[in-house]
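A.B. asks: quick one, fold the following:
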Amino acid sequence: MNKRTIYLLIILSLFFQIKTSLASKPDTTLLQWVNPLMGTDSDHGLSNGNTYPAVALPWAMNFWTPQTGKMGDGWCYAYDAKTIRGIKQTHQPSPWINDYAAFSLMAVTGDLKFKEDERASWFSHKSEISKPNYYKVYLADYDVSVELTPTDRAAMFRFTFPENKNSYILLDGFFKGSEVTILPEQRKIIGYCRNNSGGVPDNFHNYFVAEFDKDFELTHTWDGDKLNENSKTATGEHVGAVIGFKTKKGEPVHVKVASSFISPEQAQLNLDREIGNKKFDQVQSEAKQAWNKELSRIKVEGGTDDQMKTFYSCLYRVLLFPRKFHEINDKNEVVHYSPYNGEVLPGYMFTDNGFWDTFRAVFPFFTLMYPELNAQIMEGLANTYKESGWLPEWASPGHRGCMIGSNSASLIADSYLKGIRGYDIETLYEAILKNTKSYKKDITSVGRFGAEYYNKLGYVPYNVGVNENTARTLEYAYADFCIYKLAIELGRPQEEIDLFAQRAQNYRNVFDSETGLMRGKNQDGTFQSPFNPLKWGDAFTEGNSLHYTWSVFQDIQGLINLMGGEKKFISTLDGVFNMPPKFDASYYGFTIHEIREMQIANMGNYAHGNQPIQHMIYLYNYAGQPWKTQSHIREVMDRLYTPLPDGYCGDEDNGQTSAWYVFSAMGFYPVCPGRDEYVFGSPLFKKMTISLENGETFIINSKENSSENVYINDIKLNDKNHKLNFIKHQDILKGGILDFKMSNKPNFKRGTKKSAYPSSMSK
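C.D. replies: The predicted structure is shown next:
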């Protein structure tokens, strides 16, 4: 062998080594930290998140997920499951709300099995890869690997088969009405599904199209439990399609899938526009870029691997909901099928959100980080009102009867008061005012159930048949504060401004000075008796008096005054943490999962797994002891969140429990949306760089930060001493540097003067 040949072989060897090294190089982007399996180890008795691994783009119209549960089961993916029934398109915001417009794809080999129980294949998490932009699993019973990557309204599958004469791909149209048509000459399956859990008009359909890159050698359909051999179409309660072919070992079969709520033609347009002739790896790469673009808006440094994973996994959850329910037509116009009146109309529409949860931190996060998206969501709210006559307090996809309050007022006021424009605020204000006067007769969670009592008496009575009455009073009063602030900004009549300022103080009407807590109040003005502050439900919503007493976001100083001063206020706060996790579940007749999650958290009666109390830790800032906020905040972040399948301490709820973590890791939290203040806690990372939509950069430094150094000794904003216990929204938007000097000992002097306290109506 001559020298030239030897040199050539060496060069080729080096080339292949480099290529192999690059190919196997681990992901070093922020996406590497996201674990979509966080929170999936849950069931109806104990929620560690009640999440599923959503394979989707941010705010996408369609999500995809592996399906371990039976068709129609809200717990569609359980971490402790052993088998997978298919990969389904899902729109589920919560297992309690359940899914709609779902259908699935599944691969089988050998004997044809199409019924979901029979076709289910064993799988292992050891042979599963779950990322927001990519999912892969090995179906052990069939020796098939399934890969999936998404776009907004479409997705691409890659099924890698073994050598087999009988290889199949199944499309399951699910129950409650479906149709499939196989078009062999076009290598397509088209059809629709109509499954839903409520909140849809009579003409509701999800039209789908699936394109394959391999010829079909056989076509079957099924209807219920009956297989129709050599059939190409089926319509019924529950139908599906089967296409079959011979495959070689390692042969990939690609499937491009898209859907539309508007028409079959729009489904095809969505597929052509979002995938077209793209290869699988290109779609996967573009989805990765889309996620990294959003995740990199907040870059964190100086944390442990687990903290990085938890932070970015939470941020991923914040960026999923509300989902886009609009599409782009052939004229490049934004249009949507209305889940309220069944018409196809122009403009934006978003859905799958419960504002009782998300008004607290998710939407304030959008007002800070995504004002353009926020404006689109606001326009979608205006469209909802025009199409249904009401604002969507809980939508999936249309109005649903769940939770309480008229918290849409908070979203709208917070957006407008923070300077976001580009939507019809006059229509939204009209909708807000309508909310204050009545409710939707068939869905009492829309509008204000008990409004006639609240407006006359200043509270919703305990004994007039309106459930969760004291919680409603408190939430209506907070909403009235938001209306009051918005009315001033819009230049409304002074009489109207005064009315809502007065109603914002209605929380006082359900405060019992004898117990120092919020308590149900009868129509005649007497308080409910007997009264147990540990009783969940009854006068409250998924909580007790110790949780809801703090729901006076707008006037913490007023609450302090009612309690008898700061000393009593602090001792009551302390008592929630220091007491044992006792409870009274008699209202429900059993121990609901929210109670159990509080009990096992070992933080006394503090129930972080549910939303009403999540702001409560920050309230020490209003009474001169901010170091207690700092200590408790870090304990919650350190103990109650992990990046594992049991990583949450209760329902994740459309990003809210995640948004709490994201904000808290920044070192501040929006205690009162509708105000321009974020109250300080304890930052988690040594450095955080926030890229704002206006082009400015806001940097948060806490160089001495550690697991021991959780206390704030000093704060500087742009090199100037910052003595307040909060930071203003506009100060963040201007960009700059916020420096926290951290210590392992509390600073008993900083933030103790009233001049440092966050705002209150009574201040």
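A.B. asks: which residues are in contact with stretch 137-150?
C.D. replies: Counting contacts by CB atoms under 8 Å, 6 or more residues apart in numbering, the residues outside stretch 137-150 that touch it are 55-57, 60, 62-64, 66, 84, 87, 107-110, 121-124, 127-129, 133-136, 155-162, 164, 167, 280, 283-284, 287. Every residue, glycine included, has its C-beta placed from N, CA and C.
A.B. asks: how does it look with 6 Å?
C.D. replies: Residues outside stretch 137-150 that contact it (CB atoms under 6 Å, 6 or more residues apart in numbering): 55-57, 64, 87, 107-109, 121-123, 127-128, 134-136, 156-162, 283-284, 287.
A.B. asks: please apply the same query to stretch 427-444.
C.D. replies: 382, 385, 390-391, 399, 401, 406, 409, 412, 446-449, 451, 483.
A.B. asks: ranking these by neighbours, who comes first?
C.D. replies: A409 (33 neighbours; other CB atoms under 10 Å).
A.B. asks: and the closest residue to A504 other than its chain neighbours, what element?
C.D. replies: Once flanking residues are discounted, A504 sits nearest to F481: 3.7 Å by CB to CB, 6 or more residues apart in numbering. F481 is part of helix 469-489 when elements are defined by DSSP states H and E.
A.B. asks: kindly report the same for E379.
C.D. replies: Secondary-structure element containing E379, defined by DSSP H and E: helix 371-388.
A.B. asks: what do you get for I715?
C.D. replies: strand 711-717.
A.B. asks: and the next helix or strand past that strand?
C.D. replies: strand 720-721.
A.B. asks: partner strands of that next one and their direction?
C.D. replies: Note on strand 720-721: by DSSP bridges, its sheet partners are strand 711-717 (antiparallel).
A.B. asks: contacts only, for the nearest residue to I97 once chain neighbours are set aside.
C.D. replies: Counting by CB to CB, 6+ apart, I97 lies nearest to S396, which is 4.9 Å off, once chain neighbours are set aside. Counting by CB under 6 Å, 6+ apart, S396 makes contact with P93, I97, G199, D352.
A.B. asks: repeat that for 10 Å
C.D. replies: Counting by CB atoms under 10 Å, 6 or more residues apart in numbering, S396 touches 91-94, 97-100, 196-200, 321-323, 339, 351-354, 402, 654.
A.B. asks: ok, of those residues, which come out buried?
C.D. replies: 91-94, 97-100, 196-197, 199-200, 321-323, 339, 351-354, 402, 654 (16 or more other CB atoms under 10 Å).
A.B. asks: inside strands: which ones of these?
C.D. replies: In this view, the buried ones among the contacts of S396 that belong to strands under DSSP state E are R323, T351, N353, G354.
A.B. asks: return the member of those nearest to I737.
C.D. replies: N353 (34.0 Å; CB to CB).
A.B. asks: is that closest one bridged to anything, and to what?
C.D. replies: According to DSSP bridges, beta-bridge pairing links N353 with A395.
A.B. asks: confidence score at it?
C.D. replies: As summarised for this prediction, N353 has a pLDDT of 98.
A.B. asks: my guess is it contacts P392, does it?
C.D. replies: Yes - using CB atoms under 10 Å, N353 makes contact with P392 at a distance of 7.6 Å.
A.B. asks: overlap of the contact sets of these two?
C.D. replies: Contacts common to N353 and P392, judged by CB under 10 Å, 6+ apart, are P322.
A.B. asks: how about the helices of the stretch 201-350 of the chain, start to end?
C.D. replies: Along the stretch 201-350 of the chain, counting by DSSP state H, counting those that start in this stretch, helices occupy 264-274, 280-295, 305-318.
A.B. asks: mind checking the pLDDT average for the first one?
C.D. replies: Averaging the model's pLDDT scores along helix 264-274 yields 98.
A.B. asks: packing partners for it?
C.D. replies: Packed against helix 264-274 by the contact rule (3 or more CB pairs under 10 Å, 6 or more residues apart in numbering; DSSP states H and E) you find strand 154-161, strand 188-193, strand 206-212, strand 251-260, strand 326-328.
A.B. asks: partner strands of the first one, parallel or antiparallel?
C.D. replies: What it means is strand 154-161. The strands that strand 154-161 pairs with in its sheet are strand 144-150 (antiparallel), strand 251-260 (antiparallel) (by DSSP bridges).
A.B. asks: next, the angle helix 280-295 makes with the longest one.
C.D. replies: What it means is strand 251-260. On the basis of axes from the mean of the first three to the mean of the last three CA atoms, to 10 degrees, strand 251-260 is oriented at 50 degrees to helix 280-295.
A.B. asks: quick one: contacts for the residue nearest the centre of the chain?
C.D. replies: With distances taken as CA atoms, centre = their mean, N654 lies nearest the centre of the chain, 2.0 Å away. Contacts for N654 were tallied using CB under 10 Å, 6+ apart; they are 93-94, 97, 317-318, 320-323, 352-355, 357-358, 362, 394, 396.
A.B. asks: repeat for I243
C.D. replies: 167-171, 182, 184, 187-189, 210, 212, 214-220, 253, 255.
A.B. asks: re the thing from before, burial measure for the residue nearest to A504, as a count.
C.D. replies: Around F481 there are 28 other residues, counting by other CB under 10 Å.
A.B. asks: I'd say it and G674 touch.
C.D. replies: Yes - using CB under 10 Å, F481 makes contact with G674 at a distance of 6.4 Å.
A.B. asks: so what sits against both of these two?
C.D. replies: Contact criterion CB under 10 Å, 6+ apart; residues shared by F481 and G674: A409, S410, A413, F553, Q554.
A.B. asks: got the phi/psi numbers for the residue nearest to I97?
C.D. replies: Backbone torsions of S396, given as degrees, to the nearest 10, read phi -170, psi 90.
A.B. asks: tell me the secondary structure at the nearest residue in space to Y548 that is not next to it in sequence.
C.D. replies: Excluding the flanking residues, the one nearest Y548 by CB to CB, 6+ apart is F540, at 4.8 Å. Classification of F540 by DSSP: H, G, I helix; E, B strand; the rest coil places it in coil.
A.B. asks: low-scoring pLDDT stretches of the chain, where are they?
C.D. replies: Residues of the chain meeting the criterion pLDDT under 70: 1-26.
A.B. asks: how about the secondary structure of P53?
C.D. replies: Under three-state DSSP, P53 falls in the coil class.
A.B. asks: against T65, how distant is the nearest residue to it once chain neighbours are set aside?
C.D. replies: Excluding the flanking residues, the one nearest P53 by CB to CB, 6+ apart is P36, at 3.8 Å. Distance from P36 to T65, counting by CB to CB, to the nearest Å: 9 Å.
A.B. asks: more neighbours: which of the two?
C.D. replies: More neighbours surround T65 than the other of P36 and T65, with 27 against 23 (other CB under 10 Å).
A.B. asks: in which helix or strand does the more buried one reside?
C.D. replies: Taking DSSP H and E as the criterion, T65 maps to strand 63-67.
A.B. asks: next secondary structure after that strand?
C.D. replies: Downstream of strand 63-67, the next assigned helix or strand under DSSP H and E is strand 83-84.
A.B. asks: residues near K165, how many?
C.D. replies: The number of residues near K165, taken as other CB under 10 Å, comes to 11.
A.B. asks: please list all residues in contact with D739.
C.D. replies: D739 neighbours (CB under 10 Å, 6+ apart): 699-703, 714-720, 722.
A.B. asks: redo that, cut-off 6 Å
C.D. replies: Applying CB under 6 Å, 6+ apart, we find D739 in contact with N701, K716.
A.B. asks: equivalent analysis for H615, please.
C.D. replies: H615 is in contact with V671, counting by CB under 6 Å, 6+ apart.
A.B. asks: cool, R360 as well?
C.D. replies: Shown in contact with R360 (CB under 6 Å, 6+ apart): Q656.
A.B. asks: much appreciated, bye for now.
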